[in-house]
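*Asks:* Output the structure for:
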Amino acid sequence: MAARKKINILDESIAKKIAAGEIVENPASVVKELIENAIDADAKNISIEIKDGGREYISISDNGTGIAADDTKLAFIRHATSKISSLDDLYNIHQMGFRGEALYSISAVSKVTLISKAVDEAVGSLTSVEGGEIIKNHEYGCPDGTTVIVEDLFFNTPARKKFMKSTSVETSNISNVIQRYMLSYPEVSFKFINNDKVIYFTNGDSSLKNALFTIYGKNAAENIVEFSTIESSGISFSGCLGNKNLLGKSRNNQTVFINRRYVKDKNITAALEEMYSSNLMKNTYPFFIINVNINPLLVDVNVHPQKLNVVFSNLRQLLDELNMQLKPYFDLINGQVISFETEKIKTTSKNADVFDAANGIPDFKDASKSLTEKINKEIIEEHIVDINIPEEENESFANFAYKLNDFNYKSALVLGEDKAPSNELRQSSTAVSADYSQADFKRLSRSYTVIGTAFNGYLFVESDETVYIFDQHAAHERLIYEKYMETFKNKSAVTQNLLIPQTIDLPYDDILIVNENIDSFIKAGYILEVNDLSVDITGVPIFLGQPQLTGFFKEILANIRDTASHEGDAEEKIISMSCKKAVKAGDRLSDKEIKQLIDMVIDEEIKLTCPHGRPFVSTITKKQIEKRFGRIV
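*Replies:* Numbers count the residues shown, from 1 in each chain. As a prediction, this is how the structure comes out:
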């Protein structure tokens, strides 16, 4: 029998570090807490400077009211705050911070220097704290306001420090936090400096559009409708709605504030998307920034350690007001004709609509269309481009032979010799049904007979008293996956050059992701130049005979951004997304197209699963069928 464990009171140093863990998750959370302190001090100018992703150095300076010299020591005591004094105050929060935990928690796991001067005092003070212990506290000459310098974050908690992300990821997270305050407090001038370089600088002119221009660029600023509603039932709304030109493949550009505090609220997000819904296709998401101005008594912001979630006393009323007050603005947005034509580029390739001339994989979905019909229907941008496709590759569909130059598929299941694929693409790639194996499949020869299809997604062929059933989407997906594995390994992507470069404005956190993964974008076939807050694209890859413009680039970027870590994801995401271009279940294939697909599977030694681990072929023998009908025992 295990010995009974006695309850102990934790040592103060351990308790501090546990408490800090609830508030200080990473460098971005430090920046968040200190910016909120500056805003609560009525600062009109806030400067944020970081080095090494904030892991080694963070400095936040403001011109706010400052901290009185007598209060500087108190500022580092837990639950010491100037913002609330009674229980009633907790339910009527008008400030960003109120718990009195920020400086206490930050100083418990870092080395902090606080320099501050109250506006009504003649001289300021300097206080140094390491691991929660005050080292210095004395008079110091400085201007009105406060500067907090945080160095060597998690120096006394090695396990926490070990699990911090790369410099670029931590910098991206910090940039994202700063952007939110730039949008929610446009009347405050923000300056963001990373490694001695100014990234953002706003003039604090109270213009949301100008703040948005600084972050997202000219295109975003020109494609929004701003709104500010009249209060009803203690609720009003302000912000902007993006039109069709700002639709994206993720919700990354959707921002919700409650009384100017950034929150994650699925109910508000869903309600706004529903108001857009008549003009949205599947997996496209609108751009919006919304601030819900609500009586503090109607919302509880004290339900999450980082205050990211809130609880409303009457959610139904809030959503009704949202729908009623924003309806005129959505009528304006939705009155515009929103179309989602696939981006195309004009090409001189004879059979670009039938197969990927550069990669040798038929695009079955378009095989039945003539090139003329396709151009007339789908081309929406005519960027005349320069591309060289060998004549011998311009074969007709009927004569086209799928060859991959003796590529070794067994070694292609990794991204290079020493890099394992992601969990998303790895899964159980050997999870083929127990009654079927790779060896069984080798007995299928080109002498098979196509029986037909079922449910416009499953292909039936017969050979040697066995019926083979193929999942057309999964099989085609595997072939595309293998081909792009080869493309990345051999750096052999075919690029189509644009005579008119495409410029994409991006927020700084996205620029960091592109820089971090630029080699992967280049290997995928993009030719690009990264600027401070934009990317110039002069060449694009060809996937399945179709050059991919900026839409695919943004989709890849959104896919990488949405992962927990940006490191090493680009190649896997690009390949995974390329697989989405495979023929879908429900796409009707002709007998010729079925034979083309089956022949390719027979000729290449590939895994009999899609990249996500689902089998794409199964069998049933004549003997099994006869047993099912009782003809044999």
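
*Asks:* what ranges do the strands span in the stretch 451-600 of the chain?
*Replies:* When assigned using DSSP state E, counting those that start in this stretch, the strands of the stretch 451-600 of the chain occupy the ranges 458-463, 466-471, 495-505, 527-530, 534-543, 546-547.

*Asks:* contact partners of the second one?
*Replies:* Pointing back at strand 466-471 there. Contacts with strand 466-471, where a contact means C-beta atoms under 8 Å, 6 or more residues apart in numbering, come from 443-444, 448, 451, 457-462, 585, 597-598, 601, 610, 614-622, 625. No exception for glycine: its C-beta is placed from N, CA and C like everyone else's.

*Asks:* Between the strands of the stretch 451-600 of the chain, which one is closest to residue 109.
*Replies:* strand 527-530 (34.0 Å; C-beta to C-beta).

*Asks:* ok now the closest one, how far from the chain's centre?
*Replies:* 20 Å (C-alpha atoms, centre = their mean, to the nearest Å).

*Asks:* contacting residues around that strand?
*Replies:* Under the contact criterion C-beta under 8 Å, 6+ apart, strand 527-530 has outside partners 495, 497, 511, 514-515, 518, 521-522, 535-540.

*Asks:* That one pairs with which strands, and in what direction?
*Replies:* Strand pairing for strand 527-530, determined by DSSP bridges: strand 534-543 (antiparallel).

*Asks:* Could you measure from the residue nearest to residue 475 when sequence neighbours are not counted over to residue 291?
*Replies:* Residue nearest to residue 475 in three dimensions, not counting chain neighbours: residue 616, with 4.3 Å by C-beta to C-beta, 6 or more residues apart in numbering. According to C-beta to C-beta, to the nearest Å, residue 616 stands 49 Å off from residue 291.

*Asks:* returning to what we had before: so the residue nearest to residue 475 sits against residue 609, correct?
*Replies:* Yes. With contact defined as C-beta atoms under 8 Å, residue 616 counts as touching residue 609 (6.3 Å).

*Asks:* Give the intersection of the neighbour lists for the two.
*Replies:* Residues touching both residue 616 and residue 609 (C-beta under 8 Å, 6+ apart): 474, 478.

*Asks:* Stretch 508-523: which residues count as buried?
*Replies:* With burial defined by 16 or more other C-beta atoms under 10 Å, the residues of stretch 508-523 counted as buried are 508-514, 516-518, 520-523.

*Asks:* Need the distance between the two termini of it.
*Replies:* For stretch 508-523, the first-to-last residue distance is 23 Å (C-alpha to C-alpha, to the nearest Å).

*Asks:* chain center to that stretch, what's the gap?
*Replies:* Relative to its chain's centre, stretch 508-523 lies at 13 Å (C-alpha atoms, centre = their mean).

*Asks:* Residue 326: what's it in contact with?
*Replies:* Per C-beta under 8 Å, 6+ apart, neighbours of residue 326: 227, 229, 237, 241, 272, 275.

*Asks:* Which pLDDT value belongs to the first one?
*Replies:* The reference is to residue 227. Predicted confidence (pLDDT) for residue 227: 96.

*Asks:* For the nearest residue to it once chain neighbours are set aside, which three-state class applies?
*Replies:* Leaving aside its chain neighbours, residue 227 sits nearest to residue 329 (4.6 Å; criterion: C-beta to C-beta, 6+ apart). Assigned with DSSP: H, G, I helix; E, B strand; the rest coil, residue 329 falls in the helix class.

*Asks:* repeat for the one 3 residues further on
*Replies:* Taken by three-state DSSP, the conformation at residue 332 corresponds to helix.

*Asks:* Isn't it up against residue 226?
*Replies:* No. Residue 332 is beyond contact range of residue 226, at 11.0 Å (criterion: C-beta under 8 Å).

*Asks:* Residue 512 is in contact with residue 171, isn't it?
*Replies:* Yes. Here residue 512 reaches residue 171: they are 5.8 Å apart, a contact under C-beta under 8 Å.

*Asks:* Give me the pLDDT value at the nearest residue to residue 610 once chain neighbours are set aside.
*Replies:* Among residues not flanking residue 610 along the chain, residue 474 sits closest, at 3.8 Å (C-beta to C-beta, 6+ apart). With respect to pLDDT, residue 474 scores 88.

*Asks:* How about residue 625?
*Replies:* In this prediction residue 625 is given a pLDDT of 93.

*Asks:* Just the buried residues of stretch 218-235, please?
*Replies:* 220-221, 223-224, 227, 229, 235.

*Asks:* Just checking, which helix or strand of this structure averages the lowest pLDDT?
*Replies:* helix 371-378 (a mean of 31; mean pLDDT, DSSP states H and E).

*Asks:* picking that back up, and the residue nearest to residue 227, how many residues sit next to it?
*Replies:* For residue 329, the neighbour count with other C-beta atoms under 10 Å is 19.

*Asks:* what about it, distance to residue 584?
*Replies:* For residue 329, the distance to residue 584 - C-beta to C-beta - is 36 Å.

*Asks:* Residue 288 now?
*Replies:* 30 Å.

*Asks:* Same question for residue 133.
*Replies:* On the measure of C-beta to C-beta, residue 133 and residue 584 end up 63 Å apart.

*Asks:* about what we covered before: could you check which of residue 288 and residue 584 has the larger neighbour count?
*Replies:* Counted by other C-beta under 10 Å, residue 288 and residue 584 do not tie: residue 288 has more neighbours, with 26 against 15.

*Asks:* Send me the one helix or strand residue 214 maps to as PDB with only the CA atoms.
*Replies:* Assessed by DSSP states H and E, residue 214 sits inside helix 208-216. Taking Å, rounded to 0.1, in the frame of the first residue of the first chain, the C-alpha atoms of helix 208-216 are listed here in PDB:
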ATOM      1  CA  LEU A 208      -8.500  52.900 -38.000                       C
ATOM      2  CA  LYS A 209      -8.000  52.900 -41.800                       C
ATOM      3  CA  ASN A 210      -4.500  54.400 -41.300                       C
ATOM      4  CA  ALA A 211      -3.600  51.800 -38.700                       C
ATOM      5  CA  LEU A 212      -4.900  49.100 -40.900                       C
ATOM      6  CA  PHE A 213      -2.900  50.500 -43.900                       C
ATOM      7  CA  THR A 214       0.300  50.300 -41.700                       C
ATOM      8  CA  ILE A 215      -0.300  46.700 -41.000                       C
ATOM      9  CA  TYR A 216      -2.000  45.200 -44.000                       C
END
